[in-house]
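# Compute the structure for the input listed below.
(4 chains)
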2 protein chains.
Amino acid sequence: MAELKTDVCSVTAVDAEKVAAVQQKLPQESAVRALAETFKVLGDPTRVRIVMALMLDELCVCDLAALTGLSVSAISHQLRMLRNLKLVKYRRKGKMAYYSLDDEHIEQLIQVAMEHVHE
Amino acid sequence: MAELKTDVCSVTAVDAEKVAAVQQKLPQESAVRALAETFKVLGDPTRVRIVMALMLDELCVCDLAALTGLSVSAISHQLRMLRNLKLVKYRRKGKMAYYSLDDEHIEQLIQVAMEHVHE
DNA sequence: TTAACATTTGAACGATTGCTCAAGTGTTGA
DNA sequence: TCAACACTTGAGCAATCGTTCAAATGTTAA
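So this is what the prediction gives:
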């Protein structure tokens, strides 16, 4: 009764006050999920390659397939994911679909992450 | 014979020259993988919450469990992953392990990604 | 010593992922 | 109109992921 716990399971929160203060400042559930989704979509070598290629040039699905050595279908699936998360956009020209980056933040993310992996 | 293809499968690379130029500028396999690994580790709501909490304060495993409503074990598994990727570090004080961020780039990544999700 | 505790670890599980394959859509040029 | 083409889509499958549970490690205090 006296003890301040997080009820769910009997975790003995060492510093309940600190925990409460931090919890209050954390963004809400939906923001955290959106953030994780954005990172997750970049968390795959194929998609990183696609994004980095599009940082250099506008490319069609076929180009990206050739570039990565993967099937056109595989690339198309990945592009849909990148499209849904608003990381890439495309323009149609006849049968072709030319893809490019949709957001300047993506290049920043890649840039900063590169710095991290290079220690 | 005359046609320049990317041999692997018979992909009709629309602009072989452009593809070759881009391919040459892309970082090598290992760098791409390391980059993807970094994003992937941030691509989960639980780990995003852990990282954002550690941006605000140094916390022990127990605190993080209380904060997220997950088991201590689950948090410990996730912290190991974050540790392996050098995103967090910890100091021992008796039985406790106090975790904090290991790299200023992480906060930048969170920052930029927040800007992206807020359009 | 021992018991209690904070944390870590390994096995196991259902859920999700990234690919392939086959079939589909829509555009072009013969 | 029709075949060829660029791309998209859905089903299916092996591999990976995130959690739980049980057991282990290591520290503290009695």
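# The residue nearest to A:Val117 when sequence neighbours are not counted is in what secondary structure piece?
Closest residue to A:Val117 apart from its sequence neighbours, by C-beta to C-beta, 6 or more residues apart in numbering or on different chains: B:Ala34 at 4.3 Å. C-beta here means a position set from N, CA and C on the backbone, and glycine is covered the same way. Using DSSP states H and E, B:Ala34 sits in helix B:29-41.
# ok, back up a step: what number of residues are in the vicinity of the residue nearest to A:Val117?
By other C-beta atoms under 10 Å in any protein chain shown, the residues close to B:Ala34 number 18.
# The helix holding B:Ala34 to helix A:29-41, inter-axis angle?
170 degrees (axes from the mean of the first three to the mean of the last three C-alpha atoms, to 10 degrees).
# any residue of helix B:29-41 up close to DNA strand D?
Yes. Using C-beta under 7 Å from any atom of the strand, helix B:29-41 reaches DNA strand D at B:Lys40.
# Now do the buried residues in that helix.
B:32-41 (16 or more other C-beta atoms under 10 Å in any protein chain shown).
# which among those residues gets closest to A:Val72?
Checking the buried residues of helix B:29-41 against A:Val72 by C-beta to C-beta gives B:Val32 as the nearest, at 20.3 Å.
# just checking, the closest one touches A:Pro45?
Yes. Look at B:Val32 against A:Pro45 with C-beta atoms under 8 Å: they come within range, at 5.2 Å.
# For chain A, which residues are neighbours of DNA strand C?
Neighbours of DNA strand C within chain A, by C-beta under 7 Å from any atom of the strand: A:12, A:14, A:40, A:43-44, A:46-47, A:70-71, A:73-74, A:77-78, A:81, A:92, A:94-95.
# low-confidence ranges in chain A?
In the predicted model, chain A carries pLDDT under 70 at residues A:1-13.
# mind listing the strands in it by residue range?
A:59-60, A:88-93, A:96-101 (DSSP state E).
# List the neighbouring strands of the second one plus their orientation.
Spelled out, that is strand A:88-93. If you go by DSSP bridges, strand A:88-93 pairs up with strand A:96-101 (antiparallel).
# Identify each buried residue in the strand it pairs with, please.
For strand A:96-101, by 16+ other C-beta under 10 Å, it's A:98-99, A:101.
# ok, and what's touching stretch A:84-93?
For stretch A:84-93, the surrounding residues in contact (C-beta atoms under 8 Å, 6 or more residues apart in numbering or on different chains) are A:37-38, A:41-42, A:50-51, A:54, A:79, A:82-83, A:97-103, A:106, B:116.
# one more time with 7 Å
Residues outside stretch A:84-93 that contact it (C-beta atoms under 7 Å, 6 or more residues apart in numbering or on different chains) are A:37-38, A:41, A:51, A:54, A:79, A:82, A:97-103, A:106.
# if we can go back for a sec, so which of the residues of chain A next to DNA strand C sit within helices?
A:40, A:46-47, A:73-74, A:77-78, A:81 (DSSP state H).
# which one of those has the most neighbours?
Neighbour-wise, these (other C-beta under 10 Å) top out at A:Arg47, 23 neighbours.
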